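**Q** Coordinates only, no sequence provided:
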């Protein structure tokens, strides 16, 4: 597999959560840049729809997958070995959000958020490492969130899981740097996708409605263009969002006390 730092051409890239939203937009951007994609999500028909819209559709592999199923992950990796033989990038994009106050959230809902947004991600990554390292290096990308940097109301467990993912990524980067592994973390702000529609409420049911902030946010396509550009530059810490989200991420590093006051007084849901 040919690898360059400025183009996705000929890279084999596995994207989870590829059936819509950010995952679909990343697939379009990377396919247009010449990458060969492995697309995973639970909804097979939606994966078919995404693949049929991509350049060189026949070369992209569909791997329907529930990322919380350990055996299914192992089978998917075996399939990649058999069908393609190698892997350059893994983009951990699959996830689920939350819209519930801490006092209204059950322990079962907390656990589900961590299973999807943290444990499944690190398990898949760990199992994929031999493939990524086989040719002397590779790239792992985690889609965290600005919420994982700042923590906001109605997203307690989601923010915590995304923060945990970020710090696990830091450890992975440090441990495997000498083996050639590149690790990048994306921190999206609000992006116009169905994430709030599918977000979990306190009892574990889905919210089923679009947040105003989500509806008025940047498009998934714009996000994907910025994300791919930064990833191809080999950036590792990538915050993408509106002015408020980027400011919040910046303040989180410079003055946590000020951030806490801003978050406390902000109007979010």
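**A** Thanks, I have it. Nothing here was measured: the structure is a model prediction, and the numbers come from that model.
**Q** From now on I want contacts and neighbour counts done on CA atoms only, so please keep to that.
**A** OK.
**Q** Mind pulling up the pLDDT for residue 5?
**A** Among the per-residue scores, residue 5 shows a pLDDT of 49.
**Q** swap in the one 5 residues further on?
**A** The per-residue pLDDT reported for residue 10 equals 88.
**Q** show me the contacts for the residue nearest to it when sequence neighbours are not counted.
**A** Once flanking residues are discounted, residue 10 sits nearest to residue 35: 5.0 Å by CA to CA, 6 or more residues apart in numbering. Counting by CA atoms under 8 Å, 6 or more residues apart in numbering, residue 35 touches 8-13.
**Q** how about the strands in the stretch 51-200 of the chain?
**A** All strands of the stretch 51-200 of the chain, identified by DSSP state E, counting those that start in this stretch, fall at 61-62, 89-92, 138-143, 181-188, 191-192.
**Q** Lowest mean pLDDT across these, which one is that?
**A** strand 191-192 - the lowest mean pLDDT of the strands of the stretch 51-200 of the chain, at a mean of 94.
**Q** Give me the packing partners of the helix-or-strand element of the chain with minimal mean pLDDT, helices and strands only.
**A** Lowest mean confidence among the helices and strands of the chain (mean pLDDT, DSSP states H and E): helix 212-215, at a mean of 79. If you count contacts as 3 or more CA pairs under 8 Å, 6 or more residues apart in numbering; DSSP states H and E, helix 212-215 packs onto strand 191-192.
**Q** Residues contacting the strand it packs on, please?
**A** Contacts of strand 191-192 (CA under 8 Å, 6+ apart): 21, 214-220, 223, 241.
**Q** Any idea how far that strand is from the middle of the chain?
**A** 14 Å (CA atoms, centre = their mean, to the nearest Å).
**Q** ok, now stretch 51-58?
**A** 22 Å.
**Q** So which bits of that stretch are buried?
**A** The neighbour-count check on stretch 51-58 (16 or more other CA atoms under 10 Å) flags 51, 54-55 as buried.
**Q** average pLDDT for that stretch?
**A** 96.
**Q** outside of it, which residues touch it?
**A** Against stretch 51-58 from outside (CA under 8 Å, 6+ apart): 27-28, 31-32, 60, 62.
**Q** how about the contacts of strand 191-192 in JSON lines, adding distance to residue 266 and neighbour count?
**A** Formatted as JSON lines, the contacts of strand 191-192 follow (distance: CA to CA, whole Å; neighbours: other CA atoms under 10 Å):
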{"residue": "21", "distance to residue 266": "26", "neighbour count": "19"}
{"residue": "214", "distance to residue 266": "16", "neighbour count": "18"}
{"residue": "215", "distance to residue 266": "18", "neighbour count": "15"}
{"residue": "216", "distance to residue 266": "17", "neighbour count": "11"}
{"residue": "217", "distance to residue 266": "17", "neighbour count": "16"}
{"residue": "218", "distance to residue 266": "20", "neighbour count": "18"}
{"residue": "219", "distance to residue 266": "23", "neighbour count": "17"}
{"residue": "220", "distance to residue 266": "24", "neighbour count": "19"}
{"residue": "223", "distance to residue 266": "24", "neighbour count": "20"}
{"residue": "241", "distance to residue 266": "17", "neighbour count": "22"}
